[in-house]
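[1] Take a look and give me a structure for this.
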Amino acid sequence: MTGVDRELLAERAAAVGRHLDRVATHLPADVDGLSPLSSATDTVVLHLWQAVQVVIDLAVSTCVRLGLGSPPTYGDAFRSLAGAGVLDAELASRLARAAGFHKLIVHAYADLDLRRLHLIASDGPADLRAFLAALRDLA
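    Residues are numbered from 1 along each chain as shown. As a prediction, this is how the structure comes out:
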């Protein structure tokens, strides 16, 4: 069984790229440029959430395709892929935290820490791209 379908991966990677481009375009240079429920903040959150969702979907489906089973949590999907040698353990740990952030957006959007959001939107895209590269190398 292969880990990922190349055509699907290319399409999903393009979607992640489009979402991350929108995050970069709307992310203010400084955290003070974000304010609760503003257009810039909403755009950053929405597109970051969507990019993370695509990566989570790919992680879960890759676990299943590799015969690792269906992970009980999104974070476990990344940890399982690290255990199988697909991902570096540190990257998997950061991606598991991204999955936690994803859940926070769904359940507590109004309570987001804007400093944390700015940090994640600034640094997190590199991890999402590293995940996609690892899957591309696996395909």
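[2] now the helices for this protein?
    Taking DSSP state H as the criterion, the chain contains helices spanning 6-26, 39-65, 74-83, 89-108, 114-138.
[3] What are the buried residues along the third one?
    Pointing back at helix 74-83 there. By neighbour count, with 16 or more other CB atoms under 10 Å as the criterion, the buried positions of helix 74-83 are 74, 75, 76, 77, 78, 79, 80, 81, 82. Yep, even glycine has a C-beta here, placed from its N, CA and C like the rest.
[4] Out of the residues you listed, name the two that are farthest from one another.
    74 and 82 (13.7 Å; CB to CB).
[5] what is the orientation angle of the worst-scoring helix or strand of the chain on mean pLDDT with helix 39-65?
    Comparing helices and strands within the chain by mean pLDDT, DSSP states H and E singles out helix 89-108 as the least confident, with a mean of 88. Computed by axes from the mean of the first three to the mean of the last three CA atoms, to 10 degrees, the angle separating helix 89-108 from helix 39-65 equals 120 degrees.
[6] Check which helices and strands helix 89-108 sits against.
    Using 3 or more CB pairs under 8 Å, 6 or more residues apart in numbering; DSSP states H and E as the contact test, the elements touching helix 89-108 are helix 39-65, helix 74-83, helix 114-138.
[7] I'd like the ones you listed as JSON lines, with distance to residue 95 appended.
    As requested, those are exported to JSON lines (distance: least, CB to CB, whole Å):
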{"stretch": "helix 39-65", "distance to residue 95": "7"}
{"stretch": "helix 74-83", "distance to residue 95": "4"}
{"stretch": "helix 114-138", "distance to residue 95": "6"}
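[8] Of those, flag the one that's most buried.
    Relative to the other members of these, helix 74-83 carries the highest mean neighbour count by mean count of other CB atoms under 10 Å, namely a mean of 22.
[9] For it, give the mean pLDDT please.
    Regarding helix 74-83, the rounded mean pLDDT is 97.
[10] That one - contacts with which helices or strands?
    Packing partners of helix 74-83 (3+ CB pairs under 8 Å, 6+ apart): helix 39-65, helix 89-108.
[11] how much space between the most centrally placed residue in the chain and residue 127?
    The C-alpha lying nearest the average C-alpha coordinate of the chain belongs to residue 52 (CA atoms, centre = their mean; 2.7 Å). According to CB to CB, to the nearest Å, residue 52 stands 10 Å off from residue 127.
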